[in-house]
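Engineer: Here is a sequence with its predicted model. Questions after.
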Number of protein chains: 2
Amino acid sequence: MGRKPSHPGAAARAGARSVTIKDLAQELGLSITTISRALNGYPDVGDKTRERISEVAQRLGYRPNRNAQRLVTRRTHNVAWVQQDNDRKFVDPHFVEVMAGVLRGARALNYDVVLTSETPEHEMSVYDRYVNDNSVDGFIVDLPRENDRRVSFLLDAGRPFVVHGRDGRPGAYGWVDIDNYGNFYQLARLFVANGHRHLAFINGDESFTYALHRRRGVDDALADAGLPPASVRVLNSLHPMGDAGFGLTQQALEDPRVTAILYSSALMAVEGHAAIVRNAPERPLAIATMDDELHYIDLTPFAGQFTRVRSSLREAGGALIAELVRQCNTPGPGRGVIVPSRFEVAAGLDPAPLAQPLPAARRQARKLQPA
Amino acid sequence: MGRKPSHPGAAARAGARSVTIKDLAQELGLSITTISRALNGYPDVGDKTRERISEVAQRLGYRPNRNAQRLVTRRTHNVAWVQQDNDRKFVDPHFVEVMAGVLRGARALNYDVVLTSETPEHEMSVYDRYVNDNSVDGFIVDLPRENDRRVSFLLDAGRPFVVHGRDGRPGAYGWVDIDNYGNFYQLARLFVANGHRHLAFINGDESFTYALHRRRGVDDALADAGLPPASVRVLNSLHPMGDAGFGLTQQALEDPRVTAILYSSALMAVEGHAAIVRNAPERPLAIATMDDELHYIDLTPFAGQFTRVRSSLREAGGALIAELVRQCNTPGPGRGVIVPSRFEVAAGLDPAPLAQPLPAARRQARKLQPA
DNA sequence: GCAATTTGCCAAAACGTTTTAGTAGGCTAT
DNA sequence: ATAGCCTACTAAAACGTTTTGGCAAATTGC
């Protein structure tokens, strides 16, 4: 601050040289080695000297040139997030929520996040560039598919990275995930235990592992309860946004035997609720949804009506950056982290018309009936 | 690619030295000067030599070390976006939409975006750091208030920056904005011309200039038409997300004289529509909204019913990064850019019950009646 | 055929740090 | 008294580029 150039940009281009370690050395009559070591907390600097140095550094507004540091230390304190740019994905609120968590964590850990979008065709070239030009120390990979090419590439390149979700491959790599399989196994089991025999499951795109694992959880729960596969009708929303929740719910309602609907996202659950209110306000239906605690979506109006599996995506974001930074600082393979989920079971799980408020107390859950 | 380290991270930390300009020089029996000049397109390199160089560079997978380049050129090809981290702002879909545009443009211009979130209290220290440690070449500033401190700081620091919106100060700086004042002036004028005498305006937080300017546009239009200030009831949503649109619309409906509602965001308009359908399905109402062409929100169901002022936030994002890069490359002050808006006037502007489909043809707009 | 110009290349300095390998000088233990 | 060891500092190299200033050889102009 201080000087006022005639126009913005002048200082950046003209001779607005910022204060360097040499300036400090000159001012203090010390070598740049001592300055550097003092500022970086090495023990071989006298207490009085260290104090003089930090006083002058403060006064002159010294900030080490990041690029010089990066060049010599080979650490950038930058991580990359390469987002697919295909019009719809980017604005997915789930992504935004995770990103918010990552950014907050990065700030705390003194890392910066380089965010890039690229079309699927050129996506890998961005990874290739970042790996080879020393732009970043590591990568965050979101929304993996099975045997994701990004994971393959980064494993091969030997760079730190962490996946939000799992890509199904064996072997160690860094990831942060909820127990998608287990959560939906439990959910389906719970509904079966409460007498539901025909479920609809409005899931995401099962070419992504998160949705695939949820699907398997539901399928296995039904199979383990001795119910036929046809007990669940799975409807996939390829675009998590938009009107998928509404339309798919209407489809689900076509089967009169369906007494419960499971949603993979609160966004779709809320829209689905609207569809139910509109098309079948009197029909007894139980609803469960994954609740990622999106800051968009206010589920409080549905508090008593939706059974929820809650897990904060923002928290997952924090875990992602934490594991990535850990990898950057510690030799060894990446680690997997499970983020816990909390079940919040609605007051009554058995079918009830949504349009009416649910009675405060409902009868207890029936026992699981083996077929 | 190629070598397979025993675990991820090994290569990054261990001796996986990437190929440098010196390796090329060695391989080719040339000086590093010639390599550098060849690769950077200088004319004083023979054609045959240049070809040999790029062939070998290609074969060895040479990528210039970005940090070495940054150190010597003093250009990072990075720009910063510092986002306020206060739980709700970050997930604002308007922000995400602009960011998507910025990222797409940045990719095309070969720039990277460093995204940071910080609490309002510490926000300025991030700017301070980025200005002084050579992390970035410039800044993108979103959602300005009047006399925004970020603009003051960056003007003072003399760094390239561009504001999405204007902060009301005189003097030259870089910005990209729509004509908020003019758009809402026209909108209000149009409604008055169609006989509406009592409007509701569901606006954003007027401590942000975008909302303030819209408010002024509406106020001035009514004043110019000779209508008293009380002709418009302004309701401000401090949080653009959530249920603001629904609740504020209910408030707007309390005044039975209101025949038209103006919305500052399609998000609120859609919620408002739900409120109207629910609370006053038969009431004649005309609706207009700013349409930022959010990829979330599907306005097609309301195509005939909403009068829209359309302008793509994603496009604005592209203009932002374009102007910022221009500033980085050209001496001189920043420039202002107006992004155009398109009016799409609904078939019938005069009051009509929303619950019924509008007739295909309506009578012509009445002439403006001076008071 | 010779001077002037152009062409094609290069050595060395610079960017601003960190790190390595020291070195004086004072202190301790014997 | 002396060998050995701390303490507090430093010179120089290194990181991997770009850029400056120059210099031979080839080409051109006359």
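Structural biologist: Cool, the structure landed.

Engineer: Pull the contacting residues for A:Tyr181.
Structural biologist: For A:Tyr181, the contacting residues are A:213-214, A:216-217, A:220, by CB atoms under 8 Å, 6 or more residues apart in numbering or on different chains. From N, CA and C alone the C-beta is placed, and that goes for glycine too.

Engineer: Find me the pLDDT at it, would you?
Structural biologist: At A:Tyr181, the model reports a pLDDT of 97.

Engineer: Which of the contacts of A:Tyr181 are buried? Put it as a ChimeraX command.
Structural biologist: In ChimeraX, a selection of the buried entries from these looks like this (16 or more other CB atoms under 10 Å in any protein chain shown):
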select /A:213,214,217
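
Engineer: Without its sequence neighbours, what residue ends up closest to the most centrally placed residue in chain A?
Structural biologist: With distances taken as CA atoms, centre = their mean, the residue of chain A nearest its centroid is A:Val98 (3.4 Å). Leaving out its chain neighbours, the residue that sits closest to A:Val98 by CB to CB, 6 or more residues apart in numbering or on different chains is A:Gly317, at 4.4 Å.

Engineer: Could you give the separation of the helix or strand containing the one you found from the chain centroid?
Structural biologist: Using DSSP states H and E, A:Gly317 maps to helix A:313-329. Centroid separation between helix A:313-329 and its chain, computed with CA atoms, centre = their mean, to the nearest Å, is 10 Å.

Engineer: neighbouring contacts of it?
Structural biologist: Counting by CB under 8 Å, 6+ apart, A:75, A:79, A:94, A:97-106, A:109, A:111, A:113, A:137-140, A:160-162, A:164, A:174, A:176-178, A:292-295, A:334-335, A:337, A:339, B:8-9, B:12 sit against helix A:313-329.

Engineer: Dump that helix to PDB, restricted to CA.
Structural biologist: Extracted in PDB, the C-alpha atoms of helix A:313-329 (Å, rounded to 0.1, in the frame of the first residue of the first chain):
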ATOM      1  CA  LEU A 313     -20.500 -32.700   2.100                       C
ATOM      2  CA  ARG A 314     -18.700 -29.700   3.400                       C
ATOM      3  CA  GLU A 315     -17.100 -31.800   6.100                       C
ATOM      4  CA  ALA A 316     -16.100 -34.300   3.500                       C
ATOM      5  CA  GLY A 317     -14.400 -31.400   1.700                       C
ATOM      6  CA  GLY A 318     -12.400 -30.600   4.800                       C
ATOM      7  CA  ALA A 319     -11.300 -34.300   5.000                       C
ATOM      8  CA  LEU A 320     -10.300 -34.300   1.400                       C
ATOM      9  CA  ILE A 321      -7.900 -31.400   1.700                       C
ATOM     10  CA  ALA A 322      -6.600 -32.700   5.000                       C
ATOM     11  CA  GLU A 323      -5.700 -36.100   3.600                       C
ATOM     12  CA  LEU A 324      -4.200 -34.500   0.500                       C
ATOM     13  CA  VAL A 325      -2.000 -32.200   2.500                       C
ATOM     14  CA  ARG A 326      -1.000 -35.100   4.700                       C
ATOM     15  CA  GLN A 327       0.100 -37.000   1.600                       C
ATOM     16  CA  CYS A 328       2.100 -34.100   0.400                       C
ATOM     17  CA  ASN A 329       4.000 -34.000   3.700                       C
END
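
Engineer: going on from that helix, what's the next piece of helix or strand?
Structural biologist: Criterion used, DSSP H and E; the element after helix A:313-329 is strand A:336-338.

Engineer: got the residue ranges for the helices in chain A?
Structural biologist: Assigned by DSSP state H, the helices in chain A fall at A:10-13, A:21-28, A:32-39, A:47-60, A:66-73, A:93-109, A:123-132, A:149-157, A:180-193, A:209-224, A:244-253, A:266-279, A:313-329.

Engineer: Mind telling me which of these the model trusts least?
Structural biologist: Across those, helix A:10-13 gives the lowest mean pLDDT, at a mean of 38.

Engineer: Ok, which of the helices of chain A comes nearest B:Glu118?
Structural biologist: Of all the helices of chain A, helix A:93-109 sits nearest to B:Glu118, with 6.0 Å by CB to CB.

Engineer: Buried residues in that closest one, which are they?
Structural biologist: Across helix A:93-109, burial judged by 16+ other CB under 10 Å covers A:93-107, A:109.

Engineer: from what I can see A:Ala57 touches A:Leu39, true?
Structural biologist: Yes. Counting by CB atoms under 8 Å, A:Ala57 does reach A:Leu39; the two are 6.6 Å apart.

Engineer: picking that back up, so how far is chain B from the residue nearest to the centre of chain A?
Structural biologist: A:Val98 is 11 Å from chain B, where distance means CB to the nearest CB, to the nearest Å.

Engineer: Contact partners for that residue?
Structural biologist: Applying CB under 8 Å, 6+ apart, we find A:Val98 in contact with A:142, A:164, A:313-314, A:316-317, A:320.

Engineer: Enumerate the residues of chain A near DNA strand C.
Structural biologist: Neighbours of DNA strand C within chain A, by CB under 7 Å from any atom of the strand: A:17-18, A:20-22, A:32-33, A:36-37, A:39-40, A:44, A:62-65, A:68-69, A:71-73.

Engineer: make it 10 Å
Structural biologist: A:17-25, A:31-40, A:42, A:44, A:62-75 (CB under 10 Å from any atom of the strand).

Engineer: Can you tell me which of the residues you listed are buried?
Structural biologist: Neighbour-count burial (16+ other CB under 10 Å) is assigned, among these, to A:19-21, A:23-25, A:34-39, A:62-71.

Engineer: Would you pull up the residue in chain A closest to DNA strand D?
Structural biologist: At 2.9 Å from DNA strand D, A:Gly46 is the closest residue in chain A, using CB to the nearest atom of the strand.

Engineer: Run a quick neighbour tally on that residue.
Structural biologist: A:Gly46 has 11 neighbours, counted by other CB atoms under 10 Å in any protein chain shown.

Engineer: Check A:Ala223 too.
Structural biologist: 13.

Engineer: Pull up the gap between it and A:Val19, please.
Structural biologist: Applying CB to CB, to the nearest Å, the value for A:Ala223 to A:Val19 is 69 Å.

Engineer: same thing with A:Gly168?
Structural biologist: Counting by CB to CB, the gap from A:Gly168 to A:Val19 is 52 Å.

Engineer: tell me the pLDDT at the residue nearest to A:Glu293 when sequence neighbours are not counted?
Structural biologist: Distances taken as CB to CB, 6+ apart put A:Ser312 closest to A:Glu293, at 4.3 Å, once the chain neighbours are dropped. Per-residue confidence (pLDDT) for A:Ser312: 96.

Engineer: show me what contacts A:Ser312?
Structural biologist: Taking CB under 8 Å, 6+ apart as the test, what A:Ser312 contacts is A:101, A:292-293, A:339.

Engineer: Perfect, that will be all.
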